[in-house]
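Asker: kindly return the folded structure for what I paste below:
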Amino acid sequence: MKKIMLFFCLLFLSACEQQVWNNPYPEQETKHQAVLYSSFSERPRHLDPAKSYSANEYAFIGQIYEPPFQYHFLKRPYQLEPLTAKKMPEIRYLDAAGKQVSDSKAAVYTEYLIELKPDIQFQPHPALAQNQQGDYLYHHLSAQQLEKITRLKDFQQTGSRELTAADYVQQIKRLVHPKISSPIAELMKSYIVGLEEYAQQVKNEPRTTLKTMEISGVTLLDNYRYKIRIKGHYPQFIFWLAMPFFAPMPWEADAFYSQQGLIDKNITLDWQPIGTGAYMLEENNPNLQMVMLKNPNYHADYYPTEGEQGDKEKGLLKDAGQRLPFIDKAVYRLEKESIPYWNKFLQGYYDASGIASDSFDQAVQISGGGEIGLTPSMLEKEIQLQTAVMSSISYMGFNMLDNVIGGTTEQARQLRLALAIAIDYEEYIAIFMNGRGVPAQGVIPPEIFGYQSGEQGLNKTIYDWQEGRARRKPLAVAQQLMQEAGYAQGIDPKTGEALILYLDTAATGPDDRARLNWYRKQFAKLGIQLVIRATDYNRFQQKMRKGNAQIFMWGWNADYPDPENFFFLLYGANAKALFGGENAGNYQNAEFDGLFKQMSIMPNNVRRLQLIERMQAKIRHDVPWIFGVHPKSFSLYHRWYQNLKPNLMANNKLKYLRIQPEQRAIARQQWNQPIVWPLLVGGGLLMILIYPALRSFQRKAKETVAK
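Answerer: The predicted structure is shown next:
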């Protein structure tokens with residue numbers, strides 16, 4: 001009986017001490033160390049910067065690898081600045097003989113001279129470990145050594161060295177090695193002088209020989225300078241130099257990771273990166289968590305001292321001039337389900353969160369005037385809301401090689417236009433996105449030069465401007481177009497039955513079913529029967545490459561802030577089935593292609609805007625796409641998460657962010673108090689119930705002893 005009483009006393013005392021029982025993290029880590037807690041839902045496939053081309057991968061490698069240039073964290077419009085480079089590149093225009101010319105229009109070649117900052121070090125890594133004689137410790141591992149190795153941490157020694165221009169040249173060479181298969185290899189071959197020939201030269205060579213073989217258009221000048229010569233005048237090339245594809249790679253990494261014994265143990269560059277960035281990957285366990293630590297060798301880097309108007313008032317310049325990074329550690333945990341993730345955010349165990357559809361009403365309220373705000377429960381926790389229209393577009397595409405929906409005939413164009421009017425993306429945004437999207441009026445998303453809002457940017461083939469807003473044309477207009485196309489009431493004159501069209505998709509999950517049914521209903525408005533051909537992503541990609549799909553859904557996120565990066569998706573020379581490019585619908589139009597060539601090499605000025613307007617008009621008329629949605633991101637942040645500003649171009653945002661762990665510890669304690677009174681009440685009732693039995697048992701025991 002005394003033991004039971006002691007248990008309840010201890011329970012009561014623990015409640016009085018306000019201990020948090022449900023903390024999933026080590027206690028010593030959560031109170032004082034600046035640790036970011038976030039999550040991921042899908043395992044990154046590639047952490048090699050030559051291979052990676054996905055947002056969920058860039059969330060990691062953007063913090064680890066450093067291309068020579070980066071986007072300014074605060075300034076808008078987006079502006080490039082030096083990162084590891086000493087200054088912006090020197091750009092020279094050359095004629096066919098290699099002599100400099102002043103006019104970019106006369107350029108046969110363009111040359112970029114890049115000079116690096118000195119004293120930048122790679123993160124500690126076993127690939128760079130050397131003995132006193134300068135020999136690499138782990139480049140020729142024996143079978144005996146490999147027996148003791150199961151992960152990168154098993155190597156007892158690490159090393160580092162200074163970043164040099166040769167490391168950037170090495171990475172350019174890696175882009176075209178067949179065993180690496182970079183997604184930008186073909187594009188870069190068409191621009192970088194000598195890269196096509198180099199690719200042929202190394203196609204049967206191991207990666208370890210890349211160091212000794214040269215590209216004619218990429219020249220190493222000295223330890224800190226290199227130059228790249230490209231064909232013609234391609235001003236967007238500077239943006240590629242701010243992407244991980246052009247981050248440095250030490251030759252030692254290829255030598256180390258090319259060892260078959262390490263490959264067999266899944267110790268590869270795709271699994272364990274090596275860079276000069278603010279963070280290094282400490283743990284890669286995609287079934288549980290991924291952890292990044294501050295790079296102890298990180299070079300001098302500072303928070304910006306200026307931004308755009310209003311940044312100072314928002315507190316975004318409080319850390320102006322301070323040494324980066326601020327966060328010591330970033331922990332990303334696997335969360336496949338939205339509800340557990342959301343609950344942990346509300347408990348303070350995640351520092352930020354998106355908003356799933358089933359949590360939207362709990363987090364966000366929309367006033368009668370359409371203003372978006374947080375609910376009282378969110379405001380009580382001092383949670384911050386940030387919204388931003390993404391620099392991306394989702395669209396429904398038509399295969400222009402198809403003999404029903406494609407081609408240049410007026411009949412096919414009217415059929416495509418009728419569908420573009422009938423598919424109500426305003427309804428789609430309301431039903432499936434909780435209003436988090438903007439109906440696309442053209443190819444270019446907001447924040448990209450050439451995007452126009454309001455009546456000026458209206459797609460007048462689909463919308464009318466009424467009472468100060470865009471209104472989709474009536475369904476009767478689409479039905480009239482169907483009749484003019486020879487499909488009155490959706491009847492195919494060849495069969496006398498409903499016209500059958502096919503939508504190819506890789507959307508096969510249970511959450512996709514409702515969306516696909518919605519699309520069926522949209523086509524049915526015109527009497528068309530839509531057949532869904534769902535398959536896995538690899539099979540879908542294969543059908544797209546061969547031009548066998550009829551209708552498909554796709555999207556594009558901006559690689560860089562330039563309209564060329566979106567219009568090239570419709571450029572004839574990029575047709576996927578014909579030339580292996582990113583023009584998935586295989587659209588071909590000589591007028592559009594001519595305008596594209598002019599526009600793509602122009603600076604942002606009035607003349608360029610005029611060309612963009614003509615290109616938009618041509619696409620709106622031909623309807624190779626049904627413009628879908630520019631998604632709008634809604635992000636929630638706790639009050640202790642600071643220096644937050646949407647930046648849709650920068651990949652290396654983590655180093656600018658700040659966590660106040662003391663504030664977080666207090667909030668977690670307040671929000672996660674154990675509710676012990678039910679246990680106390682239940683325990684009391686249990687004691688009342690069992691007390692008579694205990695007394696009876698004690699009496700009988702005494703009587704037995706007495707006898």
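Asker: domain parsing for this protein?
Answerer: 2-19+674-706, 48-264, 392-633 (automatic domain parsing).
Asker: any buried residues in stretch 116-131, and which?
Answerer: For stretch 116-131, a neighbour-count test (16 or more other Cβ atoms under 10 Å) marks 116-117, 120-129 as buried. The way it works is simple: take the backbone N, C-alpha and C, and place the C-beta from them, glycine included.
Asker: do me a favour and average the pLDDT over that stretch.
Answerer: Per-residue pLDDT over stretch 116-131 has a mean of 98.
Asker: so for it, first residue to last residue, what's the gap.
Answerer: Stretch 116-131 has an end-to-end distance of 28 Å (criterion: Cα to Cα, to the nearest Å).
Asker: now swap in stretch 431-442 and tell me
Answerer: Start-to-end span of stretch 431-442 (Cα to Cα) is 22 Å.
Asker: counting by contacts, list what the strand of greatest length in the chain packs against.
Answerer: Ranked by number of residues, the top strand in the chain under DSSP state E is strand 625-637. Secondary-structure packing of strand 625-637 (3 or more Cβ pairs under 8 Å, 6 or more residues apart in numbering; DSSP states H and E): strand 352-353, strand 384-389, strand 392-398, helix 410-422, helix 425-432, strand 437-439.
Asker: dump those to TSV, plus mean neighbour count, distance to residue 156 and mean pLDDT.
Answerer: Shown next, in TSV, are those (neighbours: other Cβ atoms under 10 Å; distance: least, Cβ to Cβ, whole Å; pLDDT from 0 to 100):
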stretch	mean neighbour count	distance to residue 156	mean pLDDT
strand 352-353	20	37	96
strand 384-389	15	45	93
strand 392-398	23	45	97
helix 410-422	21	63	98
helix 425-432	16	53	95
strand 437-439	19	52	95
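Asker: format the ones you listed as JSON lines; extra columns: distance to residue 530.
Answerer: Listed next are those as JSON lines, based on distance: least, Cβ to Cβ, whole Å:
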{"stretch": "strand 352-353", "distance to residue 530": "35"}
{"stretch": "strand 384-389", "distance to residue 530": "29"}
{"stretch": "strand 392-398", "distance to residue 530": "11"}
{"stretch": "helix 410-422", "distance to residue 530": "10"}
{"stretch": "helix 425-432", "distance to residue 530": "15"}
{"stretch": "strand 437-439", "distance to residue 530": "21"}
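Asker: who wins for proximity to residue 239 among these?
Answerer: strand 392-398 (15.9 Å; Cβ to Cβ).
Asker: what does the closest one contact?
Answerer: Residues outside strand 392-398 that contact it (Cβ atoms under 8 Å, 6 or more residues apart in numbering): 405-406, 416, 423, 440, 443, 445, 550-558, 566, 584-585, 623-631.
Asker: mind checking which of the residues you listed are buried?
Answerer: Burial by neighbour count, judged by 16+ other Cβ under 10 Å, picks out 405-406, 416, 423, 440, 443, 445, 550-554, 556-558, 566, 584-585, 623-631 from these.
Asker: tally of neighbours for the closest residue to residue 302 other than its chain neighbours?
Answerer: Take residue 302 and drop its neighbours on the chain: the residue closest to it by Cβ to Cβ, 6 or more residues apart in numbering is residue 321, 5.6 Å away. Each residue near residue 321 was counted by other Cβ atoms under 10 Å, and the total is 9.
Asker: ditto for the one 10 residues further on
Answerer: In terms of burial, residue 331 registers 19 neighbours under the definition other Cβ under 10 Å.
Asker: so which elements touch whatever helix or strand it lives in?
Answerer: For residue 331, the element it lies in under DSSP states H and E is strand 329-334. Under the contact criterion of 3+ Cβ pairs under 8 Å, 6+ apart, strand 329-334 touches strand 35-40, helix 55-64, strand 289-294.
Asker: mind checking which of those is nearest residue 637?
Answerer: Nearest to residue 637 among these is strand 35-40; the distance by Cβ to Cβ comes to 11.0 Å.
Asker: distance check, residue 165 against residue 84.
Answerer: Distance, residue 165 to residue 84, by Cβ to Cβ, to the nearest Å: 10 Å.
Asker: shared neighbours, those two?
Answerer: Residues touching both residue 165 and residue 84 by Cβ under 8 Å, 6+ apart: residue 116.
Asker: what's the closest non-adjacent residue to residue 453?
Answerer: residue 446 (7.5 Å).
Asker: per-residue pLDDT, that neighbour?
Answerer: pLDDT, residue 446: 92.
Asker: that one against residue 387, yeah?
Answerer: No. Counting by Cβ atoms under 8 Å, residue 387 is not a contact partner of residue 446; they are 12.0 Å apart.
Asker: what segments of the stretch 451-600 of the chain are helices?
Answerer: Along the stretch 451-600 of the chain, counting by DSSP state H, counting those that start in this stretch, helices occupy 475-484, 512-524, 537-546, 564-567, 576-579, 590-600.
Asker: with residue 692 as the reference, name the closest of the ones you listed.
Answerer: helix 512-524 (59.1 Å).
Asker: packing partners of the closest one?
Answerer: Applying 3+ Cβ pairs under 8 Å, 6+ apart, one finds that helix 512-524 makes contact with helix 410-422, helix 425-432, strand 500-505, strand 529-534.
Asker: list the contacts of the last one.
Answerer: It refers to strand 529-534. Defining contact as Cβ under 8 Å, 6+ apart, one finds that strand 529-534 is touched by 490, 498-508, 512, 516, 519-520, 523-524.
Asker: check stretch 507-520 too.
Answerer: Contacts of stretch 507-520 (Cβ under 8 Å, 6+ apart): 423, 428, 431-432, 503, 505, 530, 532, 534-536, 553.
Asker: what sits closest to residue 419 if chain neighbours are left out?
Answerer: Excluding its sequence neighbours, the residue lying closest to residue 419 (Cβ to Cβ, 6+ apart) is residue 626, at 6.4 Å.
Asker: you'd agree the one you found is up against residue 421?
Answerer: No. If you go by Cβ under 8 Å, residue 626 and residue 421 don't touch, sitting 9.3 Å apart.
Asker: mind putting the contacts of stretch 507-520 in CSV, distance to residue 638 included?
Answerer: What follows is these, written out as CSV (distance: Cβ to Cβ, whole Å):
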residue, distance to residue 638
423, 39
428, 32
431, 30
432, 28
503, 41
505, 37
530, 44
532, 41
534, 39
535, 41
536, 38
553, 35
